[in-house]
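[1] okay, sequence plus prediction incoming.
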Amino acid sequence: MNTFRKLSRNAHGSATLEFALTIPLFLLLLTAIAQFAMGFLASAGLRNGVEAAARYAQIYPVPSDDKIENVVTSNVYGLNLSQLSGPSITHGTANGVNYVDVNASYAVPIDILFVPTFKFNINYTRRAYQYQ
């Protein structure tokens, strides 16, 4: 019992123990913030590519679907193109005006402390009217 009382009064090493208890939580929080930022980067990159393709689809003469898809893949940033689904191009008519819907999705991988866990999908669609 005397040994326990001596150790409980001794403050040597308490900072090391506190550091050892809090550093895993701090690293987990830091990793979560970085993953959240990567999700925002992926969203902005996907949005940039789809919006550039929608602007390109409005020019005259009307470009082909392959050219519109190439604009999407060439204007995305911060993305791994192997995780990019699409883009898909859909044509239609609304109130007598032709339009093109440009759609793409991206699977954002989530890694917790460098261990891949799951992916969540980001979808973005943009409609461009084609006046002729």
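    Everything's here; your move. Numbers count the residues shown, from 1 in each chain.

[2] what helices or strands is the longest helix seen in the chain leaning on?
    Criterion DSSP state H: the longest helix present in the chain is helix 14-57. In terms of contacts (3 or more CB pairs under 8 Å, 6 or more residues apart in numbering; DSSP states H and E), helix 14-57 is packed against helix 65-75, strand 84-94, strand 97-112, strand 115-130. C-beta: built from backbone N, CA, C; applies to glycine.

[3] any idea of the angle it forms with strand 97-112?
    Put simply, helix 14-57 runs at 160 degrees to strand 97-112, going by axes from the mean of the first three to the mean of the last three CA atoms, to 10 degrees.

[4] coming back round to it: and the helices and strands packed on helix 14-57 as TSV, adding mean pLDDT, mean neighbour count and distance to residue 38?
    Listed next are the helices and strands packed on helix 14-57 as TSV, based on pLDDT from 0 to 100; neighbours: other CB atoms under 10 Å; distance: least, CB to CB, whole Å:
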stretch	mean pLDDT	mean neighbour count	distance to residue 38
helix 65-75	92	16	19
strand 84-94	91	14	15
strand 97-112	90	18	7
strand 115-130	89	13	11
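
[5] which one of the ones you listed lies nearest to residue 37?
    strand 97-112 (11.2 Å; CB to CB).

[6] partner strands of the closest one and their direction?
    strand 84-94 (antiparallel), strand 115-130 (antiparallel) (DSSP bridges).

[7] closest one to residue 3 among the ones you listed?
    strand 115-130 (40.9 Å).

[8] next, the angle from that closest one to helix 65-75.
    Interaxial angle, strand 115-130 versus helix 65-75 (the same axes, to 10 degrees): 130 degrees.
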